[in-house]
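Q: how does the following fold in three dimensions:
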Amino acid sequence: MVLIVFVLLVVWLGESRKFFYLDNNKCITVWKTWNNVCYVIPEEYYGLWKPSNNYLKTNNTNEQLTIFFTTEMPDTIIFLSYEQVEVHDKNNSIFMNYHSDSSRVSSILYKDNARLFNKDLKMNADMIDINVLENYALGKNGRKF
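A: Residues are numbered from 1 along each chain as shown. Coordinates of the predicted model:
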């Protein structure tokens with residue numbers, strides 16, 4: 001019993017987990033773990049081991065990982081990052097890289113003639129811009145989480 005408590009205490013102290021709740025009842029878990037590994041999970045995640053599927057994996061020093069949601073693609077999570085991100089998607093259907101088809105994705109997410117990254121999103125779109133390194137996020141219209 002003491003060993004279990006000790007292990008749980010070590011895990012708790014050595015890792016950082018933050019939950020970001022968006023207005024559209026979506027939640028993103030950002031779980032910074034040992035060895036510079038960060039899991040970004042599109043739900044509340046409390047597990048002690050890495051998720052088995054449907055998550056993004058990046059490093060703990062990633063300063064910009066943006067996640068988009070839109071009702072035009074309700075079962076898809078669009079992500080944008082200029083740092084390395086590994087996609088772990090069981091059916092290759094949940095995550096979409098913004099860079100894979102940026103002109104199409106941009107027309108789905110942004111108003112015509114958009115100029116501002118977080119303020120010119122369409123009404124049916126939402127976003128969260130995550131700074132993993134500093135452990136905070138900004139939402140649509142610059143709202144800090």
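Q: neighbours of Asp126, how many?
A: 19 (other C-beta atoms under 10 Å). Quick note: C-beta positions are derived from backbone N, CA and C, even for glycine.
Q: with adjacent residues omitted, what lies nearest to it?
A: Take Asp126 and drop its neighbours on the chain: the residue closest to it by C-beta to C-beta, 6 or more residues apart in numbering is Phe69, 4.8 Å away.
Q: what residues of the strand or helix carrying that neighbour count as buried?
A: Using DSSP states H and E, Phe69 sits in strand 65-70. Of the residues in strand 65-70, Leu65, Thr66, Ile67, Phe68, Phe69, Thr70 count as buried by neighbour count, 16 or more other C-beta atoms under 10 Å.
Q: measure the second one to Val85 for me?
A: Using C-beta to C-beta, to the nearest Å, Thr66 is found at 11 Å from Val85.
Q: hey, what's in contact with both of those two?
A: Phe79 (C-beta atoms under 8 Å, 6 or more residues apart in numbering).
Q: so what's Asp75 up against?
A: Counting by C-beta under 8 Å, 6+ apart, Asp75 touches Ser93, Ile94.
Q: where does it fall, helix, sheet strand or coil?
A: coil (DSSP: H, G, I helix; E, B strand; the rest coil).
Q: and the next helix or strand past the lowest-mean-pLDDT helix or strand in the chain?
A: Lowest mean confidence among the helices and strands of the chain (mean pLDDT, DSSP states H and E): helix 2-14, at a mean of 55. Later in the chain than helix 2-14, the nearest helix or strand by DSSP H and E is strand 16-21.
Q: sheet-wise, list the partners of that following strand with their directions.
A: strand 27-33 (antiparallel) (DSSP bridges).
Q: buried stuff in the partner strand?
A: Ile28, Thr29, Val30, Trp31, Lys32, Thr33.
Q: next, format those as CSV and append distance to Gly139.
A: What follows is those, written out as CSV (distance: C-beta to C-beta, whole Å):
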residue, distance to Gly139
Ile28, 10
Thr29, 16
Val30, 14
Trp31, 19
Lys32, 20
Thr33, 24
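Q: turn those into TSV, including pLDDT.
A: Shown next, in TSV, are the buried residues of strand 27-33 (pLDDT from 0 to 100):
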residue	pLDDT
Ile28	95
Thr29	96
Val30	96
Trp31	96
Lys32	95
Thr33	93
